[in-house]
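Enquirer: Quick check, what structure comes out for this input:
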Amino acid sequence: MRVLIAMDKYKGSLTAVQAGAAVSRGLQKTLPGVQTSLCPIADGGEGFTDTMVSALGAEWIEVPLQDAIGRPLVARYGLTQDGVAVMEMSAASGLAMVSDQPLQPDIASTFGTGQMMVDAIRQGAKKIIIGIGGSATNDGGRGMAEALGFVFTDTGIVRPAPISCEVLVACDVDNPLLGDLGATRIYGAQKGVRDFAFFEARMQTFADLVTRELAIDHRHEPGAGAAGGLGFGLMSFCKARLMSGFDLVADITKLEERILEADLVITGEGKVDGQTLHGKGPAGLAEMARRHGRPVVAVAGAVEDSPAVHARFDLALAVKPEAMPLAEAMARGAELIEETVAQHAEQFRELVL
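Expert: Have a look, this model is predicted:
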């Protein structure tokens with residue numbers, strides 16, 4: 001039996017690579033001779049760079065920069081020999097980077113993300129692929145633009161020379177910049193926003209300035225509101241193209257070809273629920289596998305007991321015992337995955353027969 005293991009990360013517990021390795025070990029325990037192939041997947045959030053560096057054989061580059069509240073930080077991104085840089089904004093301007101401090105949405109900036117992009121260009125990048133998600137910011141990408149050389153005044157914008165590389169953005173949300181479904185009202189609370197009217201007005205003013213000065217208006221584009229409006233900023237200042245993170249990873253890893261070579265597909269992430277079904281990697285993988293008649297199993301930390309979730313997968317398994325505290329389950333993530341897969345391996349075989 002040939003099994004493609006295409007896991008996403010278990011956030012706070014395991015990387016996609018580690019989760020996939022645990023699945024493989026569980027299969028080997030009870031299905032001697034099973035052939036496993038690992039293909040980590042990701043959307044545009046945390047873990048995106050790890051997956052892309054592995055898929056592209058890129059070299060890690062370290063760069064000193066500022067975190068979202070201006071403190072020094074050393075982040076890293078990947079760079080291939082033919083000049084493709086892969087990075088995620090969360091490594092520079094992410095919420096996790098400033099979790100040791102009170103949230104400060106009034107000063108949080110994407111400047112560090114711009115610094116990372118500038119370093120990649122200096123290193124000879126011809127293309128930047130950046131995952132956006134997990135941000136601490138709500139600045140519309142202004143900080144990123146300032147790092148690239150844009151100067152904002154009371155009366156206008158001073159523009160630098162255009163950047164010399166293509167920018168692709170891995171983004172798996174379709175929020176516009178403004179309004180009830182925009183960056184501030186949907187994602188602001190998790191970044192410390194309390195005065196929603198103030199921050200919405202600030203974003204509106206910024207969007208109006210960009211539209212007037214650059215003669216472009218991306219505020220209504222799907223994904224403009226991603227990462228506190230960084231989607232808007234990347235489209236406006238870098239002429240970036242937004243793509244589904246899963247689709248981008250699937251294309252680079254030749255995921256569809258690998259599904260065709262498998263008898264069974266196993267995927268999963270920390271929690272499979274309604275959010276999974278809206279653009280996240282495991283749902284996209286399941287759809288692709290079903291299209292080619294391959295059974296697909298989800299192995300997750302937790303599984304929402306809903307008809308929509310169970311309809312998407314042939315089998316959905318939760319590895320966390322109900323009575324086990326979440327902190328313990330996260331610490332023992334690899335062990336729990338391995339045990340769960342070993343216990344249900346015969347069910348996997350039955351799906352293929």
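Enquirer: isn't there a helix covering Pro40?
Expert: No - counting by DSSP: H, G, I helix; E, B strand; the rest coil, Pro40 falls outside a helix, being coil.
Enquirer: residues touching it, list them.
Expert: Ala6, Met7, Asp8, Thr15, Ala16, Val17, Gly20, Asp50, Thr51, Ser54, Ala55 (Cβ atoms under 8 Å, 6 or more residues apart in numbering). Glycine gets a C-beta too; all of them are placed from N, C-alpha and C.
Enquirer: quick one: the fifth one and Thr49 touch, right?
Expert: No - contact criterion Cβ atoms under 8 Å: Ala16 and Thr49 do not qualify, at 11.2 Å.
Enquirer: Show me which of those two is the more surrounded one.
Expert: Under the criterion of other Cβ atoms under 10 Å, the comparison of Ala16 against Thr49 puts Ala16 first, with 28 against 25.
Enquirer: Excluding covalently adjacent residues, which one is nearest to the more buried one?
Expert: Leaving aside its chain neighbours, Ala16 sits nearest to Pro40 (3.6 Å; criterion: Cβ to Cβ, 6 or more residues apart in numbering).
Enquirer: Now do that neighbour against Gly114, distance only.
Expert: For Pro40, the distance to Gly114 equals 28 Å [Cβ to Cβ, to the nearest Å].
Enquirer: what does Asp180 give?
Expert: 29 Å.
Enquirer: who's more crowded, these two?
Expert: It is Gly114, of Asp180 and Gly114, that has more neighbours when counted by other Cβ under 10 Å, with 30 against 10.
Enquirer: Pick out whichever of the contacts of Pro40 sits closest to Gly225.
Expert: Nearest to Gly225, judged by Cβ to Cβ, of the contacts of Pro40 is Asp8 at 22.6 Å.
Enquirer: for the closest one, what are its contacts?
Expert: Contacts of Asp8 (Cβ under 8 Å, 6+ apart): 16, 19, 40-43, 47, 267-269, 280-282.
Enquirer: Now, these that are in helices?
Expert: Ala16, Ala19, Gly281, Pro282 (DSSP state H).
Enquirer: Now pLDDT too, for those, in a markdown table please.
Expert: Formatted as a markdown table, the ones in helices among the contacts of Asp8 follow (pLDDT from 0 to 100):
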| residue | pLDDT |
| --- | --- |
| Ala16 | 89 |
| Ala19 | 95 |
| Gly281 | 81 |
| Pro282 | 88 |
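Enquirer: top of the residues you listed by neighbour count?
Expert: Neighbour-wise, those (other Cβ under 10 Å) top out at Gly281, 33 neighbours.
Enquirer: any idea how far that one lies from Gly44?
Expert: 10 Å.
Enquirer: Then Val151?
Expert: On the measure of Cβ to Cβ, Val151 and Gly44 end up 29 Å apart.
Enquirer: When the two are compared, which one has more neighbours?
Expert: Ranked by neighbour count (other Cβ under 10 Å), Val151 and Gly44 place Gly44 first, with 33 against 11.
Enquirer: Identify the residues contacting that one.
Expert: Glu88, Gly131, Ile132, Gly133, Val169, Ala170, Cys171, Asp172, Ala226, Gly245.
Enquirer: can you list those residues in CSV and add pLDDT and secondary structure?
Expert: CSV is the format used below for the contacts of Gly44 (pLDDT from 0 to 100; DSSP: H, G, I helix; E, B strand; the rest coil):
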residue, pLDDT, secondary structure
Glu88, 94, strand
Gly131, 94, strand
Ile132, 94, coil
Gly133, 84, coil
Val169, 96, strand
Ala170, 93, strand
Cys171, 89, coil
Asp172, 79, coil
Ala226, 94, helix
Gly245, 85, helix
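Enquirer: Neighbour count for the residues you listed - can I get that in TSV?
Expert: Shown next, in TSV, are those (neighbours: other Cβ atoms under 10 Å):
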residue	neighbour count
Glu88	31
Gly131	30
Ile132	32
Gly133	25
Val169	25
Ala170	27
Cys171	30
Asp172	26
Ala226	28
Gly245	30
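Enquirer: from those residues, which is closest to Glu287?
Expert: Nearest to Glu287 out of the contacts of Gly44 is Asp172 (Cβ to Cβ; 13.9 Å).
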